[in-house]
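Participant: Sequence first, predicted model second:
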Amino acid sequence: MSLTRRDFARTSAITGAGVALAGSVGALASAPGALAATETDGTDSTDAAHGHHGVGYGPLLPDPDGILALPAGFSYRILTHSGRTTLESGEPTPSNHDGTAAFTGPRGATLLVNNHELKGPRSDWAYPVPLTEGLVYDPAASGGCTVVEVRRDHVAEWVGIAGTSTNCAGGSTPWGTWLTCEETEDKAGQHGMTKDHGYVFEVDPEDRRANRDPQPVKALGRYAHEAVVVDPRRGHLYLTEDASGPNGLFYRWTPPAGFRHGRGGLRTLADDAGVLQAFRCFDSGGRFVDDLSRATRTGTVYGVDWVDVPDRDARTTSVRKQFTDGQVTRARKLEGMWWGDGGAYVVSSYARAESPVQHDGQVWFYDPARRTLTLKVLLGVNPDPSADGAFDGPDNITVSPYGGLVVAEDGEGVQHLFGATESGRTYPIARNELNIGTAEAPEYSEFTGVTFSPDGKTLFANIQEPGIMLAVTGPWKRQKR
């Protein structure tokens with residue numbers, strides 16, 4: 001049932017505009033996997049030992065190894081490094097690490113599924129994902145996923161899927177698998193590809209046999225996929241599109257009647273199964289919102305309707321181009337998502353001249369029960385990205401078991417992992433110190449794949465180029481609002 005503009009206006013008058021990040025005290029802490037940590041008052045022994053009081057963990061300390069600056073008391077471990085570490089097969093770890101999720105593995109291990117965002121033919125890359133027999137979709141494509149098994153004194157890595165393209169983000173499922181998203185619209189014959197791309201594939205981190213003969217879940221559409229989350233209660237899947245000219249869309253897939261989610265279930269779907277729709281927003285006055293950049297204040301709430309996608313496989317026209325102005329709401333750089341607090345956190349990384357209003361990052365929260373979208377975090381345009389301080393370009397995101405959000409930065413200049421409290425206050429967690437440019441013109445790759453271990457003790461993240469997976473541990477604490 002669609003949410004009418006009159007219903008939304010009446011609801012908005014009752015509930016108000018919302019707050020800067022969480023909507024209510026402790027809301028983010030109620031996310032699945034949240035830890036029962038005690039609220040700190042800035043004077044606990046851990047803070048005192050490291051000379052820090054209040055929100056966050058204090059200043060970042062330079063890394064003598066030139067990899068990762070962290071607060072006092074924190075440390076990191078390199079799990080995989082493209083071209084240096086090897087897979088079980090003896091082949092080198094692929095490059096360009098991206099979206100990642102952590103799962104509980106056998107006998108105390110943690111299993112991580114790691115995307116490798118490699119576009120175009122294999123000859124373009126020094127370390128493409130190896131074409132492991134039985135796990136290849138398109139032998140011409142460079143990307144895919146690896147599975148990383150982490151134990152206290154051992155790390156192993158193997159291919160989960162190969163022959164896919166531009167595996168950017170994705171999302172974990174309630175049944176323990178990973179959905180990897182292709183951020184491309186290349187068809188067979190383009191850029192050397194032998195099959196169509198722009199799909200979502202399912203990867204099982206535990207059952208290697210389940211990954212054989214990989215097939216795209218065509219019911220979820222073919223477009224420049226970024227991320228996906230699953231509503232565990234209603235069964236909907238929500239998906240973001242990172243595209244421009246025109247800007248991308250936010251999608252919802254509704255499963256067909258009688259379908260039951262579970263391991264391998266998505267592979268059984270017909271290509272046109274269920275209903276794929278794009279969102280259409282309106283404000284409390286019933287006015288259509290053409291682009292999410294129109295929101296210039298945290299707490300802005302939009303009502304959401306859903307519009308059917310005419311041709312989800314985009315045989316002749318890209319999905320986002322099948323809608324005319326006024327039919328759907330758009331946004332630039334719709335990126336990472338994470339399911340928590342009964343809804344989906346959704347990132348728009350930035351907006352520039354192609355959008356009505358410029359910004360350097362938004363984080364929204366979609367509430368499926370209320371059918372509303374609320375702006376939780378807004379980053380103004382950063383005037384000097386080369387200076388260490390202001391954050392810009394949020395990308396991958398996760399809900400922290402210690403309250404608030406942890407965000408991977410993909411902006412200009414200095415790159416961080418940063419936290420955002422329930423009231424929207426931000427603080428640094430890590431800084432990338434690996435210069436892949438020159439001393440005269442330094443360049444720092446984006447962070448990707450931010451996710452906590454199932455027990456909440458380890459924060460995993462990647463430096464995309466050259467491709468390094470890191471495990472960060474330290475005195476994590478419950479963050480104030």
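Facilitator: Received it, and whenever you're ready, just let me know what you need.
Participant: Pop out the phi and psi values for the nearest residue to residue 171 once chain neighbours are set aside.
Facilitator: Leaving out its chain neighbours, the residue that sits closest to residue 171 by C-beta to C-beta, 6 or more residues apart in numbering is residue 228, at 4.1 Å. C-beta here means a position set from N, CA and C on the backbone, and glycine is covered the same way. Main-chain dihedrals, residue 228, degrees, to the nearest 10: phi -150, psi 140.
Participant: Can you read off the pLDDT for residue 228?
Facilitator: Model confidence at residue 228, given as pLDDT, is 98.
Participant: go on, residue 17?
Facilitator: With respect to pLDDT, residue 17 scores 32.
Participant: again with residue 426
Facilitator: pLDDT, residue 426: 89.
Participant: isn't it right up against residue 420?
Facilitator: Yes. Checked against C-beta atoms under 8 Å, the pair residue 426 and residue 420 is within contact range at 5.1 Å.
Participant: more crowded one of those two?
Facilitator: For residue 426 versus residue 420, neighbours defined as other C-beta atoms under 10 Å are more numerous around residue 420 (27 against 19).
Participant: before we move on, could you check phi and psi at the more buried one?
Facilitator: The phi/psi pair for residue 420 (degrees, to the nearest 10) is phi -130, psi 130.
Participant: Identify the residues contacting the residue lying closest to it once chain neighbours are set aside.
Facilitator: Using C-beta to C-beta, 6+ apart and skipping the chain neighbours, the partner closest in space to residue 420 is residue 405 (4.6 Å). Shown in contact with residue 405 (C-beta atoms under 8 Å, 6 or more residues apart in numbering): 21, 28, 338, 345, 363, 377, 397-399, 419-420.
Participant: next one: stretch 293-304 to chain centre, how far?
Facilitator: Offset of stretch 293-304 from its chain centre (C-alpha atoms, centre = their mean, to the nearest Å): 21 Å.
Participant: Please read the previous query as pertaining to stretch 418-438.
Facilitator: In terms of C-alpha atoms, centre = their mean, the centre of stretch 418-438 is set 16 Å apart from its chain centre.
Participant: do the same with stretch 414-434
Facilitator: Mean-position distance between stretch 414-434 and its chain equals 16 Å (C-alpha atoms, centre = their mean).
Participant: how near is residue 421 to residue 348?
Facilitator: According to C-beta to C-beta, to the nearest Å, residue 421 and residue 348 sit 20 Å apart.
Participant: the more surrounded of the two?
Facilitator: Neighbour count, other C-beta under 10 Å: between residue 421 and residue 348, residue 348 has more, with 28 against 22.
Participant: Wait, that one touches residue 336, no?
Facilitator: No. Residue 348 is not in contact with residue 336 according to C-beta under 8 Å; the separation is 10.1 Å.
Participant: still on that earlier bit, list the contacts for the residue nearest to residue 171?
Facilitator: Contacts of residue 228 by C-beta under 8 Å, 6+ apart are 169-171, 179, 181, 200, 220, 237-240, 337.
Participant: quick one on the thing from earlier: is there a quick ChimeraX command that grabs whichever of the contacts of residue 405 are buried?
Facilitator: ChimeraX command restricting the contacts of residue 405 to the buried ones, with burial defined by 16 or more other C-beta atoms under 10 Å:
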select :21,28,338,345,363,377,397,398,399,419,420
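Participant: Going by distance to residue 153, which of the contacts of residue 405 wins?
Facilitator: Nearest to residue 153 among those: residue 398, at 26.1 Å, using C-beta to C-beta.
Participant: Give me the residue ranges of the stretch 1-150 of the chain where confidence is low.
Facilitator: For the stretch 1-150 of the chain, residues meeting the criterion pLDDT under 70 lie at 1-53.
Participant: rewinding a little: shared neighbours of residue 426 and residue 420, anything?
Facilitator: residue 377.
Participant: what about the helices in this protein?
Facilitator: For the chain, applying DSSP state H gives helices covering 5-15, 45-49.
Participant: The residue nearest to residue 171 and residue 293, how far apart?
Facilitator: Residue 228 sits 23 Å away from residue 293 when distances are taken as C-beta to C-beta.
Participant: So for stretch 149-164, what gets flagged as buried?
Facilitator: In terms of neighbour count (16+ other C-beta under 10 Å), stretch 149-164 has its buried residues at 149-150, 155, 157-164.
Participant: Could you dump those into TSV with distance to residue 188 added?
Facilitator: Formatted as TSV, these follow (distance: C-beta to C-beta, whole Å):
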residue	distance to residue 188
149	34
150	37
155	37
157	30
158	28
159	23
160	23
161	18
162	17
163	13
164	14
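Participant: Most widely separated two among the residues you listed?
Facilitator: Maximum pairwise distance among these (C-beta to C-beta): 25.6 Å, between 150 and 163.
Participant: what's near enough to touch the spatially most central residue of the chain?
Facilitator: Nearest residue to the geometric centre of the chain (C-alpha atoms, centre = their mean): residue 336, 2.7 Å. Going by C-beta under 8 Å, 6+ apart, residue 336 touches 99, 169, 226-227, 240, 347, 394-397, 408.
Participant: Run a quick check on residue 443 versus residue 415, I expect a contact.
Facilitator: No. Using C-beta under 8 Å, residue 443 is not in contact with residue 415; the gap is 9.7 Å.
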